[in-house]
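Trainee: sequence? don't have it. structure:
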């Protein structure tokens, strides 16, 4: 019944708008019989073009001031992060300049040359020099961006095996993450989803016969020692997922049937990041918002929200089904000692698998 | 000529079969009627697609809050008015599918290629009127199936419009991947057939049926754009068809093209050896050219309208043609930029970064040529002109962020975030929609013999323009803050709590912008019956369609087809009294044609 009433109400609103438009329409009849723009229209819309130019500039400035300095943009926590951020900044500056100039020319010309009866436009069909100019300028700019971009990309994607990276598997399933550490030998044991045996707690399908698998450690939290290169090997057991770690400027899809990889070196521990003034501000801001919201919730008889504390996160960033929006894992970057202490406490695969 | 032509129209074509209601309005083989059919079907699909987007925008702004609208429109998918997470993904998926394919491919190309190709090249009709009719009715059938898929028990397709397997292949992975996905695939297979028939027809018509004097270098840019678009469609759509067929095989006949090593809901599936990445390659081999299938016709329409309303020749005709061809060529070798983090070889990432950024060059040439066309013009601010200028504006804003997304290193961190959503909505969604609106306002007199109300057109443009920026500009920033797209709610991530108010702003703009499309719909439908009767050539345009009588006649011209003596852009040419010289006017003594 409510549904029916709602549809009726929405229909009425639509009809009301329709009727208002119609009244407007009918009121126009006397004013101008022609539906072709005349000088008055040209003038009005010419001025509106300038107004719109101002609007574009204002929304740009407001967006940059209000949301442009999000801490996530300027505080990368990985070694390659600043490279990406630099390239991003350069690109954004170029975009900003080109955008400001071209939008100005477009809207200003639309204003300046608004039609007047009796004036004749300039017959100006071609100019090879001009065409050459605006072919060559983008070519040079883009050549720079391409070269810079490709160097950055190559240096990020090339895994330096000599640096003796810590090998960690990120394992995705609907709708959670697991991490598998390679253990003492730093070699991940063989695994295949066909070997999964949930009854015996072999949840990632490790090959029990593989000696490398025995000391593997499976966890639901990702701990990383600061300053040490980490080589992630990604696997998925069901559908596509994407391991997105925005603070580290890292992302790679997890593809069933193949192993993908991404490597980076975390440079800032979670504890340090929590002290970062930008992050402190951000957390405070978020907590203010949460307190406000909690008041409403409590008033409505619900529980208040927990206060927010900063943590690095791994998010799923490839549509993977119903609970895609809540597929996350906490990442903790800590000192080597803290990491060693933590990993020692975790049970190895050999010890967690239950006997036949 | 028109009044004279009108009276003879029926005599001249007395030998035609007497038209019944069915042959005239339903199974018509007349390209002008088919264009209208495409337009109206596309408009209806557009309404569905936009309403869906407004619904999921409300969910994003006010997550999990009861909404009577949801209860009314979504039924069991919104228990107590709270939108279900599955239907959220379905709305996102079907919105994308409908807008990209049904509105901006069929609705835009289908309408204007059909209407303008024969009229502007001087042909009596398409090369094959019958295929043209079949093409429309296949499109209609596929629209019906797509809409019907919304009512499937387990829900419509919900794997995103890109339908990446395994999510789209396994009903146990997602409710929408059952019958809903089957219908989606069937609808798309039929759609592709329709699109191919249409495209073949356009290409053959442009090549063979140009009137005397209409050399390729005298073609209006609209026709160039439609022609090249049709070629890209013929090259790339069959690849999507093959991907869809292989996916159907995987889903129904146990093959493993795209699937391998899957453990889901407690059991191992038999699939082995396939690769989802293969599907991504096949999908984007169409998917990226598709962007230009959507965009090029809009740019073609804009070229024509900006030139006409500036009363100036389009600047750099030859450069415009070359850039269309360059964009078309490049569009087929850049698909990998959607897959930088898909797990494909990083070296390929480098190659695709290189080819992708090259597209910026012809795009920049086009943008600057539009701007130069305005320079020292005598701009007639008709609604069509406003939408064309608006297109150039959003094309620049949206296009520029392409140099970030096309750069593999930068894509790592903004891939699949709202930054991408902002980028492609501005550069292909809004731009192409503006192109479509511009085309409708401009050629409405040709289609319906009446004028649309200009003042309603102004209101429609300005509100839409403000809302489009209001929606998509802030979206760049929440994307750069790392907010992933396709999240039903962000409330599980306190990290993003400070972005919640941005999402509210975006949704409010979207709702206002959506509501004001009613102004357009009113104008569109009421003008058909009550609009002012159109003159033969209301915009004082040079192209041939305006030499046909206002009342449609089968065969377009009652008498001889006009011959063409010049290019389409002799506006304000020195030595002529009027500020336009139609293409069928012979050169005066001693007048030189521009060499192109």
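Mentor: Yes, it's here. Since the structure is predicted, the reported quantities are computational estimates derived from the model, not experimental observations.
Trainee: The closest residue to residue B:19 other than its chain neighbours and chain A, how far apart?
Mentor: Spatial nearest neighbour of residue B:19, chain neighbours left out: residue B:554 (7.9 Å); criterion: C-beta to C-beta, 6 or more residues apart in numbering or on different chains. For every residue, glycine as well, the C-beta is placed using N, CA and C. Computed as C-beta to the nearest C-beta, to the nearest Å, the residue B:554 to chain A distance reads 27 Å.
Trainee: quick one, helices of the stretch 101-250 of chain A?
Mentor: A:128-157 (DSSP state H, counting those that start in this stretch).
Trainee: Quick check: which element contains the residue nearest to residue B:19?
Mentor: Here residue B:554, judged by DSSP states H and E, is contained in no helix and no strand.
Trainee: What are the phi and psi values at it?
Mentor: Residue B:554 adopts backbone torsions of phi -60, psi 130, taken as degrees, to the nearest 10.
Trainee: what about the stretch 1-150 of chain B, any weak spots by pLDDT?
Mentor: Within the stretch 1-150 of chain B, the stretches with pLDDT under 70 are B:1-18.
Trainee: What's the separation between the nearest residue to residue B:572 once chain neighbours are set aside and residue B:569?
Mentor: Nearest in space to residue B:572, with sequence neighbours left out and distances taken as C-beta to C-beta, 6+ apart, is residue A:121 at 4.2 Å. Distance of residue A:121 to residue B:569, given as C-beta to C-beta, to the nearest Å: 11 Å.
Trainee: try residue A:242
Mentor: 48 Å.
Trainee: what do you get for residue A:148?
Mentor: In terms of C-beta to C-beta, residue A:148 sits 40 Å off from residue B:569.
Trainee: more neighbours, residue A:242 and residue B:569?
Mentor: Neighbours were counted for residue A:242 and for residue B:569 using other C-beta atoms under 10 Å in any protein chain shown; residue B:569 has more, 29 against 26.
Trainee: quick one: contacts for the more buried one?
Mentor: A:125, B:307, B:313-314, B:317, B:542 (C-beta atoms under 8 Å, 6 or more residues apart in numbering or on different chains).
Trainee: Local confidence estimate at it?
Mentor: Per-residue confidence (pLDDT) for residue B:569: 94.
Trainee: part of a strand, is it?
Mentor: No. Secondary structure of residue B:569 (DSSP: H, G, I helix; E, B strand; the rest coil): coil, not part of a strand.
Trainee: next one: phi and psi at the spatially closest residue to it that is not a sequence neighbour?
Mentor: Closest residue in space to residue B:569, ignoring its immediate chain neighbours: residue B:313 at 3.7 Å, by C-beta to C-beta, 6+ apart. Per-residue torsions, residue B:313: phi -60, psi 150 (degrees, to the nearest 10).
Trainee: Likewise for residue B:274?
Mentor: The phi/psi pair for residue B:274 (degrees, to the nearest 10) is phi -80, psi 180.
Trainee: gap between it and residue A:174?
Mentor: Counting by C-beta to C-beta - residue B:274 and residue A:174 are separated by 19 Å.
Trainee: go on, residue A:236?
Mentor: As judged by C-beta to C-beta, residue A:236 and residue A:174 stand 9 Å apart.
Trainee: if you count what's nearby, which of the two comes out ahead?
Mentor: Between residue A:236 and residue A:174, counted using other C-beta under 10 Å, the more crowded position is residue A:236 (31 against 22).
Trainee: wait, that one sits on residue A:256?
Mentor: Yes. With contacts counted by C-beta atoms under 8 Å, residue A:236 reaches residue A:256, the gap being 4.8 Å.
Trainee: name the element residue B:280 belongs to?
Mentor: Going by DSSP H and E, residue B:280 is in helix B:276-310.
Trainee: List the contacts of the residue of chain A found nearest chain B.
Mentor: Ranking the residues of chain A by distance to chain B (C-beta to the nearest C-beta) places residue A:257 first, at 2.9 Å. Shown in contact with residue A:257 (C-beta under 8 Å, 6+ apart): B:259-262, B:272-276.
Trainee: before we move on, what about residue A:167?
Mentor: Residue A:167 sits in contact with A:181-182, A:186-188, A:230-231, A:233, where contact means C-beta under 8 Å, 6+ apart.
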